[in-house]
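Trainee: coordinates only, no sequence provided:
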């Protein structure tokens, strides 16, 4: 049985993480830790899957010095990768973390413009790997100039060979992807509001929207809500997944680092789904991994023993939303 997650990040990033102590604007500080990471949301999720003992391949688009740094970081992290080489530099990002304050800044480049040949090579690479995969994860932004329908097209390619697709994206790429009806989407609250064209500030409002849309735009919707945990919805059922009450902080600090928590959630969900085929159990592992990630400098990082310990503290409540009056408007906004 296939058990591989193919994790695609077209707008691949080479991440630089620097950790300081006593940050304030205008200061000159020496780093306490500084290192490169293989970035891109899909690559982050692939790293979590690898940490948890699962099988994943990160599909990346890399080039130039940033590309060489990305490859070295992926090797250090033990992330298997399949790459498209481009003439331009792939993008980079910079994360500054203060040991006492947590994340201070996350600075992200827009990314290179990909030509038609680059896009064709990416499509060929994805098609070549799909027969070996059980899940296709399409994650993150698209490089400038890449059509929004790329994720929709990849969803269709995966469906043709019997592979389920998870989309973790925002704005135009997410709106286009749901028209191809992927198996699961994982928006955060901002992305969900953009998608449905409505703002849901209360839990009942969110549940009602999910009750309307699950089964329509995707079989499964996993709505991440930061400290509030997540809502998991399928047609006819919804669960609230609450994070552990136990606080998790950076070593020797009261601060947290939220960078990569969404990718940790997706990666752990994918890994557990291929082991259990239990949606609720998979969401519990995802929430536990995101919680563990708050206390890590490497983003994301999910030590498996710690994730397994905190899974037992994740609370689940099954709920049902009332069919809402915004059903027609929400679906029309997506269409």
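Mentor: Looks like it arrived, so ask away. Because the structure is predicted, anything quoted here is derived from the model rather than measured.

Trainee: centre-most residue in this structure?
Mentor: Within the chain, one residue has its C-alpha closest to the average C-alpha position: by C-alpha atoms, centre = their mean, that is residue 263, at 3.3 Å.

Trainee: so that one sits against residue 39, correct?
Mentor: No: contact criterion C-beta atoms under 8 Å: residue 263 and residue 39 do not qualify, at 9.6 Å. To be clear about C-beta, it is placed using only N, CA and C from the backbone, and glycine gets the same treatment.

Trainee: ok, the nearest residue to residue 19 once chain neighbours are set aside to residue 297 distance?
Mentor: Counting by C-beta to C-beta, 6 or more residues apart in numbering, residue 19 lies nearest to residue 33, which is 4.2 Å off, once chain neighbours are set aside. Look at residue 33 and residue 297: by C-beta to C-beta, to the nearest Å, they are 6 Å apart.

Trainee: coming back round to it: wait, the residue nearest to residue 19 touches residue 20, no?
Mentor: No: in terms of C-beta under 8 Å, residue 33 does not count as a neighbour of residue 20; the distance is 9.0 Å.

Trainee: for the two, indicate the residue with more neighbours.
Mentor: Comparing residue 33 with residue 20 by other C-beta atoms under 10 Å, the one with more neighbours is residue 20, at 19 against 12.

Trainee: who's in contact with that one?
Mentor: Under the criterion of C-beta atoms under 8 Å, 6 or more residues apart in numbering, the neighbours of residue 20 are 29, 30, 31, 32, 96, 97, 98, 99.

Trainee: the first one reaches residue 19, doesn't it?
Mentor: Yep, that's residue 29 we're talking about. No: under the contact definition of C-beta under 8 Å, residue 29 does not touch residue 19, with a separation of 10.0 Å.

Trainee: which one's more surrounded, the two?
Mentor: Using other C-beta under 10 Å as the criterion, residue 29 and residue 19 rank with residue 19 on top: 18 against 13.

Trainee: what helices or strands is whichever strand or helix holds residue 292 leaning on?
Mentor: Under the criterion of DSSP states H and E, residue 292 resides in helix 279-293. Counting contacts by 3 or more C-beta pairs under 8 Å, 6 or more residues apart in numbering; DSSP states H and E, helix 279-293 packs against strand 220-224, strand 230-234, strand 237-242, helix 261-276, helix 304-311, strand 315-319.

Trainee: how much distance is there from the fourth one to the middle of the chain?
Mentor: Mean-position distance between helix 261-276 and its chain equals 9 Å (C-alpha atoms, centre = their mean, to the nearest Å).

Trainee: about what we covered before: joint contacts of residue 33 and residue 297?
Mentor: Among the neighbours of residue 33, those also in contact with residue 297 (C-beta under 8 Å, 6+ apart) are 17, 19.

Trainee: so who does residue 7 touch?
Mentor: Taking C-beta under 8 Å, 6+ apart as the definition of contact, the neighbours of residue 7 are 42, 43, 45, 46, 49, 56, 57, 58, 59, 137, 139.

Trainee: before we move on, what SS does the residue lying closest to the second one once chain neighbours are set aside have?
Mentor: In space, residue 43 comes closest to residue 58 once its chain neighbours are excluded; the distance is 4.2 Å by C-beta to C-beta, 6+ apart. When classified by DSSP: H, G, I helix; E, B strand; the rest coil, residue 58 comes out as strand.
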